[in-house]
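**Q** only geometry, no sequence info:
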């Protein structure tokens with residue numbers, strides 16, 4: 001039985017990034033009060049503000065995320 005290695009950890013992080021990248025602003029984030037415009041200034045230092053920043057950063061990096069997904073698929077085959 002093989003334990004969790006570094007490659008498995010990277011795959012898990014990639015799955016989490018994929019989950020954050022597909023969140024829709026109008027359908028999911030805005031109705032829950034998680035829009036980027038609502039958090040500015042000092043409120044961005046809170047945990048919720050940092051999570052919102054992380055979500056929008058992952059959504060901004062979609063092309064590198066696609067490349068990383070392609071690399072993982074090719075390596076796993």
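**A** Cool, got the structure. Keep in mind the model is a prediction, meaning the values are calculated, not measured.
**Q** going forward, measure contacts between C-alpha atoms and count neighbours the same way
**A** Fine.
**Q** worst-scoring helix or strand of this protein, pLDDT-wise?
**A** Ranking every helix and strand in the chain by mean pLDDT, DSSP states H and E puts helix 47-60 at the bottom, with a mean of 83.
**Q** what comes up buried for that one?
**A** Of the residues in helix 47-60, 49, 52, 53, 55, 56, 58, 59 count as buried by neighbour count, 16 or more other Cα atoms under 10 Å.
**Q** Specify which member of these is nearest to residue 68.
**A** Of all these, residue 68 sits closest to residue 58, with 12.6 Å by Cα to Cα.
**Q** Now for the closest one: which residues touch it?
**A** By Cα atoms under 8 Å, 6 or more residues apart in numbering, the residues touching residue 58 are 17, 20, 21.
**Q** Next, count neighbours for the first one.
**A** Pointing back at residue 17 there. 19 (other Cα atoms under 10 Å).
**Q** Name the residues that touch the host helix or strand of residue 7?
**A** Residue 7 is part of helix 6-21, with elements assigned from DSSP states H and E. Residues outside helix 6-21 that contact it (Cα under 8 Å, 6+ apart) are 55, 56, 58, 59, 62, 65, 68, 69, 72.
**Q** biggest separation within these, which pair?
**A** Maximum pairwise distance among the contacts of helix 6-21 (Cα to Cα): 22.9 Å, between 56 and 72.
**Q** Pull out the buried positions in stretch 19-31.
**A** Buried residues in stretch 19-31, counting neighbours by 16+ other Cα under 10 Å, are found at 20, 21.
**Q** Can you give me the first-to-last residue distance of it?
**A** Across stretch 19-31, the terminal residues are separated by 18 Å (Cα to Cα, to the nearest Å).
**Q** For this structure, give me the ranges with low pLDDT.
**A** Residue ranges of the chain with pLDDT under 70: 1-3, 39-44.
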